[in-house]
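Enquirer: sequence and predicted structure are below.
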Amino acid sequence: MRIALITETFLPNVNGVVTTLCRLLEHLRARGHEALLFAPDGSPTSYAGAEIVPLRGMPLPQYPELRLTPPQPGITPLLRRFRPDVVHLAGVVALGATGRFAAARVGAPLIGAYHTDIPAYSAHYGLGFLRELAYSYLRWVHNGCALTLCPSRATLDDLRSHGFRRLRLWGRGVDTQQFHPRFRSDAWRARVGAQPGERVLLYVGRLATEKKIDLLAEALPQIPNSRLVLVGDGPARTALERRLAGMPAHFAGYLRGTELATAYASADLFVFPSDTETFGQVIQEAMASGLPVAAARAGGAIDLVREQITGALFTPGSAADLRRCVVQLLTDPARLATLGAAGRSVAEQRSWSRVLDELLEHYRIVQRRSWAIRTFPNRSKTAP
């Protein structure tokens, strides 16, 4: 197959969308398929054998990993030259309209992957009045797709309740060799300031308002014998550093590769307060590293965290319940180890190879359906 992908975020940015796209391009090459990627300028010129076409855009003020990429000439001619069997919209916002138009012009079926909860984010940045407008626009884009792939049941249910059609569940994989308990390091714990007997709480992700990291700062003083390590960066870092000054907290900044794997494996508990995650890739990475998880009972975490089996869920937005949940987990070290081992076992069942083969089957389905509609227009119709 020939797959064209359109995204508003790619390397050198690091986030769940980029991780998924990199794995997908590698998988397409390994399976003998051809790919063409449209991505923001500043991305590499190619990846895993796929040509990358640069698109002009500007970073969103509070979310520079995503770019506001306006409609621009050239996409349709390049798609026509590439002759895609499927066009894949990878969590796009402004480019959604462009992708829908271009796919229709070249006669290729369109698949949309819903990655980012833009309507929820609008409320976090004081733009709640745009929430319904965001749903309306995204509904128009995704209802023009042959399929919209949702990363979690919570996302699927939310979109269905807002009139989105042709929804399917498609999760994400995790590299259980890259993220593994064997990377646990006492030297790392010493570098982040952990004292003997102190429990290390780890957060990995963007330091931003919508991630609800303020709950961690509120709860930390009431969690005895613990140290918080935050991996990542973002617009809320300065304010958070001021708030956590003098507390047992360490800011590690962005980590990649073995450094990130070591951080996961060397902590004692992964804490994730965000309630806007459509999936939560970092939760899977923590589980693959043998780390039990305390997460807000919302979004993708509901699918990933099995209550009292791989971790525990707390009330979204409640620092008090976050504290209760963490203290309860830390009270029993043997139980903590059991939860971590169970999480590792669950992660081992979610290989990228298996998950991406599921995606290839979705591609084949919409490709066959598109052929049938073109060949027998009076006898074929799009699936409900």
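Expert: Received it, and whenever you're ready, just let me know what you need. Numbering: from 1, shown residues only.

Enquirer: which residues of the stretch 1-150 of the chain fall in strands?
Expert: Ranges of strands in the stretch 1-150 of the chain, per DSSP state E, counting those that start in this stretch, are 2-6, 34-40, 46-47, 50-55, 58-60, 63-68, 86-90, 110-113, 147-150.

Enquirer: which of those sits closest to residue 274?
Expert: Proximity to residue 274, assessed across the strands of the stretch 1-150 of the chain by CB to CB, is greatest for strand 63-68 (13.7 Å). (Each C-beta comes from the backbone N, C-alpha and C, glycine too.)

Enquirer: worst mean pLDDT among the strands of the stretch 1-150 of the chain?
Expert: If you rank those by mean pLDDT, strand 63-68 sits at the bottom with a mean of 66.

Enquirer: what about the residue nearest to residue 155 when sequence neighbours are not counted, how many neighbours?
Expert: Spatial nearest neighbour of residue 155, excluding adjacent residues (CB to CB, 6 or more residues apart in numbering): residue 278 at 4.6 Å. Neighbourhood size, residue 278 [other CB atoms under 10 Å]: 23.

Enquirer: how much space separates residue 278 from residue 263?
Expert: Distance, residue 278 to residue 263, using CB to CB, to the nearest Å: 24 Å.

Enquirer: how about residue 115?
Expert: For residue 115, the distance to residue 263 equals 24 Å [CB to CB].

Enquirer: likewise for residue 203?
Expert: From residue 203 to residue 263 the distance is 10 Å (CB to CB).

Enquirer: give the residues shared as contacts by these two.
Expert: Residues touching both residue 203 and residue 263 (CB atoms under 8 Å, 6 or more residues apart in numbering): 229, 231.

Enquirer: any chance you could map the strands in the stretch 201-350 of the chain?
Expert: So, for the stretch 201-350 of the chain - with DSSP E, counting those that start in this stretch - the strands run 226-231, 249-253, 269-272, 293-296, 311-314.

Enquirer: how far out from the middle of the chain is the longest one?
Expert: Taking CA atoms, centre = their mean, to the nearest Å, one finds the center of strand 226-231 at 21 Å from the center of the full chain.

Enquirer: also the third one?
Expert: Between the centre of strand 269-272 and the centre of its chain there are 16 Å (CA atoms, centre = their mean).

Enquirer: can I see the domain layout of this structure?
Expert: In terms of domains, the chain is parsed into 2-173+351-375, 181-347 (source: automatic domain parsing).

Enquirer: compare those and say which comes out lowest on pLDDT.
Expert: With a mean of 91, domain 2-173+351-375 has the lowest mean pLDDT of these.

Enquirer: and for residue 157, the neighbour number?
Expert: Residue 157: 12 neighbours (other CB under 10 Å).

Enquirer: buried ones in the strand or helix carrying it, by neighbour count?
Expert: When elements are assigned from DSSP states H and E, residue 157 belongs to helix 153-161. Buried positions in helix 153-161, judged by neighbour count with 16 or more other CB atoms under 10 Å: 154, 155, 156, 158, 159.

Enquirer: likewise for stretch 220-231?
Expert: The neighbour-count check on stretch 220-231 (16+ other CB under 10 Å) flags 220, 223, 226, 227, 228, 229, 230, 231 as buried.

Enquirer: and which of the residues you listed is nearest residue 191?
Expert: The shortest approach to residue 191 among the buried residues of stretch 220-231 belongs to residue 229, at 9.9 Å (CB to CB).

Enquirer: residues in contact with the closest one?
Expert: For residue 229, the contacting residues are 192, 200, 201, 202, 203, 249, 250, 252, 263, 267, by CB under 8 Å, 6+ apart.

Enquirer: and stretch 89-98, how far apart are its ends?
Expert: 10 Å (CA to CA, to the nearest Å).

Enquirer: got it, and stretch 58-70?
Expert: Note: stretch 58-70 ends 9 Å apart using CA to CA.

Enquirer: let me see the contact set for residue 162.
Expert: By CB under 8 Å, 6+ apart, the residues touching residue 162 are 135, 139.
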